[in-house]
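Peer 1: Coordinates for the following, if possible.
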Amino acid sequence: MTVARPKRSLRRTAALVVVVGVGVVGAALMIQRGPDPADPPVMADYPVVMPLGTRIFVQKYEVTVAEWNACARAGACGITLRAPAGKNSETTPATGLSFVDAGHYLDWINRTTGYKFRLPSLAEWEHMAAEVLPQAPDPIFTAPELSWASAYLTAPQTKRTLRAQGAFATTSQGIADLDGSVWEWTSDCYAGAYEGTLRPDRCPAFFVGGEHVAAISFLERDPARGGCAVGAPPAHLGMRLVSDQKP
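Peer 2: A predicted model of the protein is given here:
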């Protein structure tokens, strides 16, 4: 007697093909779209302990072009960035960002990850960067005759060239590039900073941390073209996230 072999269900086979096809297409889309926007950023190895004992958790590198563009693709950030020719968007810091832009990115990353990231205060930024920055005070505050200006304009500016993450010093906590060519936005308002009376949403300029501290108009994206309220113009404007809780 011949035993009939059971026929494979065409419906089941078709479903299997569809599932496999969706998986392949999904994988292809993930490759094309870059990092998952829901992934939290890479944080430094150790928290920064402030003088009063509080701890903050700091992003190891500045926000990159690829990370920023994930926000732009989601429609939460208003501009799309492009890495300079020959540079990788996944390792190139996102620059040309205003304080308002930084706020949009913070709103998006907190919404998509569920964490509570923020910008560092100026005191936090200076404390975390102290071991990798020059000890001498910025000459803008110590040379009233402005002799620093001619030296600033004629000295080699190679350090101000935008470089890939990790090109500069790393602190003992594992925070990279605080002494690099990107000045990072802080949450401290310049106008009214010492009085403490001006609301942040009405502040016209905020401090940025870098090779020297400067105050920049909150709408400025390119300080080389103007908009630097205090200090020599920074080379590039970017951002780094911090959190009061470990992500």
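Peer 1: ranges for the helices of the chain?
Peer 2: 10-33, 65-73, 99-113, 122-129, 139-142, 147-154 (DSSP state H).
Peer 1: what inclination does the third one have with respect to helix 65-73?
Peer 2: Spelled out, that is helix 99-113. 80 degrees (axes from the mean of the first three to the mean of the last three C-alpha atoms, to 10 degrees).
Peer 1: Show residues contacting helix 99-113.
Peer 2: Under the contact criterion C-beta atoms under 8 Å, 6 or more residues apart in numbering, helix 99-113 has outside partners 37-41, 63, 68, 71, 74, 76-79, 97, 115-119, 185, 206, 216, 218-219, 221, 239, 241, 247. Just so you know, the C-beta spots here come from the backbone N, C-alpha and C atoms, and that holds for glycine as well.
Peer 1: List the ones among those residues that fall in strands.
Peer 2: Mapping those onto strands (DSSP state E) picks out 117, 118, 185, 206, 216.
Peer 1: Count the residues that sit near the second one.
Peer 2: When you say that, I think you mean residue 118. Neighbour count for residue 118, taken as other C-beta atoms under 10 Å: 14.
Peer 1: ok, back up a step: least reliable of the helices of the chain going by mean pLDDT?
Peer 2: Mean pLDDT per stretch puts helix 10-33 lowest among these, at a mean of 41.
Peer 1: Surely residue 93 touches residue 61?
Peer 2: Yes - taking contacts as C-beta atoms under 8 Å, residue 93 lies within contact range of residue 61: 7.4 Å.
Peer 1: Can you pull the residues that touch both of these two?
Peer 2: 165, 177.
Peer 1: That's all I had, so thanks and see you.
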